[in-house]
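> need coordinates for the following:
(2 chains)
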Amino acid sequence: MDLSYSLIKLEVRSHPRYLRLIRNATYDIALICGFTEDEAKDLRLVIDEACTNVIKHSYRHDYSKPIILNFFLYDDRFEMLIEDCGRKVRPSQIRSRDIDKVRPGGLGVYIIKKLMDVMEYDPTGKDGPRLRLVKYRKKS
Amino acid sequence: MEINSREENNVSIIILEGEVDISSTDLIRGKLKKLIDEKKKAIVINLANVPYIDSSGLGVFVETMQEMGKYGGELKLAGLTDDVKKVFELTRLTNFFSIFAEEKEAIASFK
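Here you go, the predicted model:
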């Protein structure tokens, strides 16, 4: 399948009940894109963590707001752009915590950074904050 | 998410079934909070039927472990599926929790 460039778009409400749908869609898209099952599972976890952060921090548990997911499939990489219309946070606030200091919470960003090659947060999007996540395909 | 529980040899066993994310963490937290309020000293969470967990779920277990630590109690985990174990490894929580392959081993470890 020629995947020189392809876009898949998904828009859901910010309700936790849609997380499973988001995870499963991401997993399937990653497999279509040629990632291994383990890599697809990693991407499934990453999108879950990113959308959970939107629900918790950007929308502060308002479950009626939109989350827009854009999946860009390139030959060399897989990109996910997550857009929301919620509260903007300073990019410096999006940081992973010291993993050796065990406490509840704060692991989502650590997981995303650990599993993705690029994580860019842009609070200046026209309609709201955007999170860009990139995973490069392993060279065979 | 289905949550079942029972007592065996003074150990409270919580059996979770289903995916763990923020849609289920309030339910799990509520169940565990009851046990903490009763100052239960030994809790085992059986995760054999949990195919997926995210950091929200991990957070509930860390919170419970820390609360139990205040009165000398301990939470142990059993039956982690490969996918769930990987998330614990990724976040290095395998060093924080006592993790057992089987529920009965986790129960026996409290003796």
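> residues in contact with residue A:133?
A:46, A:50, A:79, A:80, A:81, A:82, A:112, A:116, A:118, A:119, A:120 (CB atoms under 8 Å, 6 or more residues apart in numbering or on different chains). No exception for glycine: its C-beta is placed from N, CA and C like everyone else's.
> how many neighbours does residue 83 have?
Answering for chain A, as no chain was given. Residue A:83 has 20 neighbours, counted by other CB atoms under 10 Å in any protein chain shown.
> let's do chain B instead
By other CB under 10 Å, the residues close to residue B:83 number 15.
> quick one: which of the contacts of residue A:133 is nearest to residue B:15?
residue A:46 (28.4 Å; CB to CB).
> could I get the phi/psi values of the spatially closest residue to residue B:10 that is not a sequence neighbour?
Ranked by CB to CB, 6 or more residues apart in numbering or on different chains and with sequence neighbours excluded, the top spatial neighbour of residue B:10 is residue B:42, at 6.3 Å. With angles defined as degrees, to the nearest 10, residue B:42 sits at phi -140, psi 120.
> so what's residue B:42 up against?
Taking CB under 8 Å, 6+ apart as the criterion, residue B:42 is in contact with B:10, B:11, B:12, B:73, B:74, B:76, B:110.
> which one is the fourth one nearest to, not counting chain neighbours?
Once its chain neighbours are removed from consideration, residue B:73 has its nearest residue in residue B:41; the separation is 4.3 Å (CB to CB, 6+ apart).
> correct me, but that neighbour touches residue B:72?
Yes - Residue B:41 lies in contact with residue B:72 (CB atoms under 8 Å); the separation is 6.5 Å.
> from residue B:108, how far off is the spatially most central residue of chain A?
For chain A, the residue nearest the mean C-alpha position is residue A:47 (3.6 Å; CA atoms, centre = their mean). For residue A:47, the distance to residue B:108 (CB to CB, to the nearest Å) stands at 39 Å.
> helices along chain B, start to end?
Secondary structure of chain B (DSSP state H): helices at B:25-37, B:55-69, B:82-90, B:103-108.
> ok, residue B:41 and residue B:72, which is more surrounded?
Legend: neighbour count by other CB under 10 Å for residue B:41 and residue B:72, higher for residue B:41 (15 against 8).
> state the pLDDT value of that one.
For residue B:41, the pLDDT comes out at 97.
> kindly report the same for the one 3 residues further on.
Per-residue confidence (pLDDT) for residue B:44: 98.
> ok, for it, nearest residue in space, not its chain neighbours?
Using CB to CB, 6+ apart, the closest residue to residue B:44 is residue B:106 (4.4 Å).
> out of the helices of chain B, deepest packed?
helix B:55-69 (a mean of 21; mean count of other CB atoms under 10 Å in any protein chain shown).
> neighbouring contacts of it?
A:49, A:52, A:102-105, A:107-108, A:111, B:20-22, B:24-25, B:28-29, B:32, B:36, B:40-41, B:43, B:45, B:74-75, B:77, B:87-88, B:91, B:93, B:96-97.
> any idea of the angle it forms with helix B:82-90?
If you take axes from the mean of the first three to the mean of the last three CA atoms, to 10 degrees, helix B:55-69 sits at 70 degrees to helix B:82-90.
> where does pLDDT dip in chain B?
Residue ranges of chain B with pLDDT under 70: none are present.
> ok, chain A next?
Across chain A (using pLDDT under 70), the flagged ranges come out as A:1-4, A:91-92, A:94-100, A:140.
> in it, which spans are helices?
Using DSSP H, the helices found in chain A span residues A:19-32, A:37-53, A:107-115.
> could you dump those into a markdown table with distance to residue A:88 added?
Formatted as a markdown table, the helices of chain A follow (distance: least, CB to CB, whole Å):
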| stretch | distance to residue A:88 |
| --- | --- |
| helix A:19-32 | 22 |
| helix A:37-53 | 13 |
| helix A:107-115 | 16 |
